[in-house]
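>>> Provided below are the primary sequence and the corresponding predicted coordinates.
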Amino acid sequence: MAAVAVKPTEPEVGKCVCPGDAVLALPETGVVRIGGGLQQEGAVLVASKAGVVRQAPRTGKLWVEPRQKRYIPSAEDAVVGRIIDKHSENYGVDIGAPFRALLPVLAFEGATKRNRPNLQVGDLVYARVESAHRDLEPVLSCTDAAGKASGFAHLKGGTVVEVSTTHARALLSRPPAAVLSALGRALQFEMAVGQNGRVWLDAPSPATVILVANAIQSSEFLSPAQQEHLVAALLRGSSAAAAAAARQRQQQQADGQQQEQQQGSGGDGK
Amino acid sequence: MAGAVEKQHEALLRRSLEAVIVAALHPRALIQVVVQVVAEDGGVLACALNAACAALVDAGVPLRTLCAAVAAAQAPEGGGLLLDPTAAEEAAAAATGTFAYLPLLAASGGSDGARGGGDLQLLASVTSGRLTTDQLLDMVEAARQGADRMAAFMQLAARQGAAQT
């Protein structure tokens, strides 16, 4: 009645486990890559968190995906952080982790000692976790591995909402989550999802921002069909949707006129 | 709150949880567990330990395994052994005890034992009162069976909680 007897020789991907469950009996030889949520106890891989066993498609890395709100930094995550400290060499950034992260002043595309980025305490940034060793403070970077900006930058304006880290990962998945496709069809807004459970939103009107924020936060435990219903219900009769629809009609009229002109002149379209 | 009994409970909780949490994964972090008794009718310490364990699982703190705790009481005058006693039964008992068990996987091969291979190991126990040796051993064995079921329930709950995707 108690713990599981079977020690599987093949990892059961997609199985829900709790701490202490055997996930895989380690083979005598060979390489097994493991990520978070798994511990080696002798010859068995044991789950240390409650979650779903996942396997990364390319590397075959096994890990347990828990539903947690607290963010534990790991390398190559994209996060939304708020600057809380400014030093000569680094910015101190709050990313919702147990430790404050460091963002070097020069870790921006095209930054030199003469040409520093103009960030103040309280600004938001979308950055990549460059290193997250458990004994050191995590280090961020606003460039990708090749040194290009690639979407990492100072986020101007907008607002931040908090979700669980699992939901943030769902929002970042390809194909896009149902709630995001439904919102994108009806409204115009900008969004940056951090794997630390923070989502930055910006839109031309506050009503749109609030609607999108509500939709994202409420859609965590819903199935795709339910998410579509949620978005439809929120959009019905909301001023944001009406304004967006009106803007779309204007845009279509402007495009139609532009196309007629272009066909007349034969120039290239945009 | 600071009373001698609460301090003792706190010490047991702390030692039991320290044995279960994989603290090496968070070297410079503080994991703080706060237990608030809202209502109680006996078996508070066992309940607190089970609740703390469930909270740690929910928070995503890495654990080696779940911890199942059971309270027991020996009724006076040959009345028999009670598991999960009420407050009245605890007050009237000749002796009470709280036992914490860890459901661990069987260490090496030949795992398909009679109970299905899982192994319950005694992590901590607190007893008070007067018991004969036989009574104590009976209490430990009865608590073990109770913990067996408790652990199965906690594992089921943790897995179902994780499945809510």
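Now that the structure is in, tell me what you want to look at. Numbering: from 1, shown residues only, chains lettered A, B, ... in the order given.

>>> which secondary structure elements does the longest helix along chain B contact?
Ordering each helix of chain B by length in residues (DSSP state H) puts helix B:133-163 first. Judged by 3 or more CB pairs under 8 Å, 6 or more residues apart in numbering or on different chains; DSSP states H and E, the packing partners of helix B:133-163 are strand A:16-17, strand A:51-55, helix B:44-59, strand B:68-75, strand B:80-83, strand B:95-105, strand B:118-129. Any C-beta I mention is one placed from the backbone N, CA and C, and that applies to glycine too.

>>> and the ones you listed, which is most packed in?
Sort these by mean neighbour count, taking mean count of other CB atoms under 10 Å in any protein chain shown, and strand B:68-75 sits at the top with a mean of 25.

>>> touching chain B at all, stretch A:183-196?
No. Stretch A:183-196 does not reach chain B (CB under 8 Å from any CB of the partner chain); its nearest approach is 13.2 Å.

>>> dump that stretch to PDB, keeping only the CA atoms.
Output in PDB follows, covering the C-alpha atoms of stretch A:183-196 (Å, rounded to 0.1, in the frame of the first residue of the first chain):
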ATOM      1  CA  LEU A 183      -6.300  37.500 -27.100                       C
ATOM      2  CA  GLY A 184      -4.000  38.200 -30.000                       C
ATOM      3  CA  ARG A 185      -6.800  37.800 -32.500                       C
ATOM      4  CA  ALA A 186      -8.900  40.500 -30.900                       C
ATOM      5  CA  LEU A 187      -6.500  43.000 -29.200                       C
ATOM      6  CA  GLN A 188      -3.200  44.700 -29.700                       C
ATOM      7  CA  PHE A 189      -0.700  44.500 -26.800                       C
ATOM      8  CA  GLU A 190       2.900  43.800 -26.100                       C
ATOM      9  CA  MET A 191       3.900  41.100 -23.700                       C
ATOM     10  CA  ALA A 192       7.200  39.800 -22.200                       C
ATOM     11  CA  VAL A 193       6.900  36.500 -20.300                       C
ATOM     12  CA  GLY A 194       9.600  35.800 -17.700                       C
ATOM     13  CA  GLN A 195      10.200  32.300 -16.600                       C
ATOM     14  CA  ASN A 196      10.400  33.700 -13.000                       C
END
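
>>> sorry, back to before: got a markdown table for the helices and strands packed on helix B:133-163, with mean pLDDT too?
Formatted as a markdown table, the helices and strands packed on helix B:133-163 follow (pLDDT from 0 to 100):
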| stretch | mean pLDDT |
| --- | --- |
| strand A:16-17 | 70 |
| strand A:51-55 | 83 |
| helix B:44-59 | 92 |
| strand B:68-75 | 92 |
| strand B:80-83 | 90 |
| strand B:95-105 | 89 |
| strand B:118-129 | 86 |
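
>>> not counting its neighbours along the chain, what's nearest B:Gln8?
With sequence-adjacent residues excluded and distances taken as CB to CB, 6 or more residues apart in numbering or on different chains, B:Gln8 is closest to B:Val126, at 7.4 Å.
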